[in-house]
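Enquirer: all I have is the shape, not the residue letters:
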RNA sequence: GGCGCUUUCGUCUAGCGGCUAGGACACAUGCCUCUCACGCAUGGAACACGGGUUCGAUUCCCGUAGGCGCUACCA
């Protein structure tokens, strides 16, 4: 094999938002291209005019921009192998369809979709191939003048690939090894439709990959059955020598149940299957996206990379894009479908989230508070984030060990920070923590404690409180912490009590205590 | 139905003829602590089945069963 520059492509169809499985395919192409110092091409396969969805192309481009997957050429990226939109390459395809027709590798068929449907109903397992094509209405069975007349009359037709039966076709797959199939089971695939003057996927795909000098075709396993057809097409064009290598990736499966991952699964189990939120222009339906759910792009990339590929035992599973590029290896891709584990996806996000600086959280946290009807200031929010990171995300325990909390998304913070902004309105006497920490004598103790707090300086800083409270705690031998926490939080959670009361201020702290005493008695 | 791909803990996987079958997520228990879904420690948990090949199979081959995909004038 000659030393060609590695060129791969990701070629979605703009029929809607980009599925997460497609994202993984693109990612693998990107990793492969980068590792080999090659090019990644972005091609739009819009040969099915009926399924075109406005905005899909822009959505896909924005998704990759967010994820940090960069293309070297293609739609919106430039390059000298264009145009990269298949609907703009009609003349090119026409030329190659003619070549196949002229060399007798393809023929014109006039059978209407209705006729074919009828045939399929009539004959069980009907297939348009060597065994049946001589009974159909095509340029093989009709006289030449008749064919010409039909075309001149504007009769719609398709061009079919004439598959030679009884041949063993070999597909050499980088992941699966040699796959052999007999050409007799292939049907005479439609390559071109006169109705819209566009080729089908198969023809356009081969012509474009050849013209764009693609060296490796890395795509989903759903294409494996048609790979032999593609091999045959390369041969028919006389391009067998420069045929790309194939690699068919395992599919992403539902987290539970049978079948491949679908949009429905995301809705049902509450995780996104699209990188970005998508507003369907036709139905108005909104599908959630990883970005809007609070995922970090590095986490999505890391998680996806490991779904169907693994660098082996000597590596951490936390891998940056650069590390992925270095480690990626097609031959180490697994061959069986991978269930989509959204719980683990959240764990990856946790890992990347806690590495972020405090400031990075504030805008998202602010949005979270606003969504919950809280008016606050950026300074206050930054203070809460600091406290939560200190206590909840990362803190040092009594033995000096660094500890971390399980926050997967900034939005997880709301139930953990609500009490900073909203005073407890009621208390659940059945709550384990409250039952254990609020006894008959507690109300009286809290009253006494309030008197002590009254004497703290008005600034109510942590230091001012400690100066007064610590000695009192030591002398009185009371341990007010848990009961105090009930007063201020209403439950057994939250940061260090001094920090919390300092944040709330003297007035609010005492107010909440009085309320708890009145409520719980 | 036909054709193809596939089969290691619940999940993602390591393993490429000889291992107490390893890791990660999840789960359970314990420790720590003024609370918490963290951290640390510990634990339970897998080679689909049946034949071969071999001194020896999780590993190689063949069946069976299960899973997945394709079977359009969609990609």
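Expert: Received the coordinates, thanks. Quantities reported herein were computed from a predicted structural model and do not represent experimental measurements. Residues are numbered from 1 along each chain as shown, chains lettered A, B, ... in the order given.
Enquirer: C-alpha from now on. contacts and neighbour counts both.
Expert: Noted.
Enquirer: may I see the buried residues of the strand or helix carrying residue A:363?
Expert: Following DSSP states H and E, one finds residue A:363 within helix A:358-371. Going by neighbour count (16 or more other C-alpha atoms under 10 Å), the buried part of helix A:358-371 is A:358, A:361, A:362, A:365, A:366, A:368, A:369.
Enquirer: with adjacent residues omitted, what lies nearest to the third one?
Expert: Nearest in space to residue A:362, with sequence neighbours left out and distances taken as C-alpha to C-alpha, 6 or more residues apart in numbering, is residue A:382 at 6.0 Å.
Enquirer: quick check: which element contains that neighbour?
Expert: Per DSSP H and E: helix A:378-387 holds residue A:382.
Enquirer: what angle separates that helix from helix A:358-371?
Expert: Per axes from the mean of the first three to the mean of the last three C-alpha atoms, to 10 degrees, the angle that helix A:378-387 makes with helix A:358-371 is 120 degrees.
Enquirer: mind giving me the packing neighbours of helix A:378-387?
Expert: In this structure, helix A:378-387 makes packing contacts with helix A:358-371, judged by 3 or more C-alpha pairs under 8 Å, 6 or more residues apart in numbering; DSSP states H and E.
Enquirer: what are the boundaries of the strands in the stretch 401-521 of chain A?
Expert: Using DSSP state E, counting those that start in this stretch, the strands of the stretch 401-521 of chain A run over residues A:402-404.
Enquirer: before we move on, the earlier item: remind me what the helix holding residue A:363 packs against, helices and strands.
Expert: Against helix A:358-371 (3+ C-alpha pairs under 8 Å, 6+ apart) you get helix A:378-387, helix A:413-421.
Enquirer: nearest to RNA strand B, out of these?
Expert: Between RNA strand B and those, the shortest gap by C-alpha to the nearest atom of the strand is with helix A:413-421, which sits at 5.6 Å.
Enquirer: buried sites along the closest one?
Expert: Within helix A:413-421, judged by 16+ other C-alpha under 10 Å, the buried ones are A:413, A:416, A:417, A:418, A:419, A:420, A:421.
Enquirer: tell me how many other residues crowd residue A:91.
Expert: For residue A:91, the count of nearby residues is 12 (other C-alpha atoms under 10 Å).
Enquirer: go on, residue A:39?
Expert: Residue A:39, neighbours per other C-alpha under 10 Å, totals 22.
Enquirer: residues contacting the nearest residue to it once chain neighbours are set aside?
Expert: Counting by C-alpha to C-alpha, 6+ apart, residue A:39 lies nearest to residue A:7, which is 4.8 Å off, once chain neighbours are set aside. Residue A:7 makes contacts with A:33, A:38, A:39, A:40, A:41, A:213, A:214, A:215, A:216, as judged by C-alpha atoms under 8 Å, 6 or more residues apart in numbering.
Enquirer: if you set the cut-off to 7 Å instead, what comes out?
Expert: For residue A:7, the contact set (C-alpha atoms under 7 Å, 6 or more residues apart in numbering) comprises A:33, A:38, A:39, A:40, A:213, A:214, A:215, A:216.
Enquirer: what's the end-to-end length of stretch A:232-243?
Expert: Terminal residues of stretch A:232-243 lie 10 Å apart, using C-alpha to C-alpha, to the nearest Å.
Enquirer: walk me through the domains of chain A.
Expert: For chain A, automatic domain parsing gives the domain ranges A:7-75+A:251-346, A:89-249, A:354-421, A:432-520.
Enquirer: could I get the ones you listed as a markdown table with distance to residue A:83?
Expert: What follows is the domains of chain A, written out as a markdown table (distance: least, C-alpha to C-alpha, whole Å):
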| stretch | distance to residue A:83 |
| --- | --- |
| domain A:7-75+A:251-346 | 8 |
| domain A:89-249 | 7 |
| domain A:354-421 | 40 |
| domain A:432-520 | 58 |
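Enquirer: tell me which parts of the stretch 201-350 of chain A are close to RNA strand B?
Expert: A:201-202, A:221-226, A:251, A:253, A:255, A:257-260, A:306-313, A:316-317, A:332-341, A:343-344, A:347 (C-alpha under 7 Å from any atom of the strand).
Enquirer: lowest average pLDDT across the domains of chain A?
Expert: Here the lowest mean pLDDT among the domains of chain A goes to domain A:354-421, at a mean of 77.
Enquirer: what about it, start to end distance?
Expert: End-to-end for domain A:354-421, by C-alpha to C-alpha: 23 Å.
Enquirer: returning to that earlier point: for the contacts of residue A:7, work out which two are farthest apart.
Expert: Across the contacts of residue A:7, the longest distance by C-alpha to C-alpha is 13.5 Å; it joins A:33 and A:213.
Enquirer: more neighbours, the two?
Expert: Of the pair residue A:33 and residue A:213, residue A:33 is the one with more neighbours under other C-alpha under 10 Å, namely 23 against 18.
Enquirer: ok, and the closest non-adjacent residue to the more buried one?
Expert: residue A:39 (5.6 Å).
Enquirer: so that neighbour touches residue A:30, yeah?
Expert: No. Proximity of residue A:39 to residue A:30 does not meet the contact threshold set by C-alpha atoms under 7 Å, at 8.4 Å.
Enquirer: what's the angle between the helix holding residue A:382 and helix A:413-421?
Expert: If you take the same axes, to 10 degrees, helix A:378-387 sits at 120 degrees to helix A:413-421.
Enquirer: perfect, that will be all.
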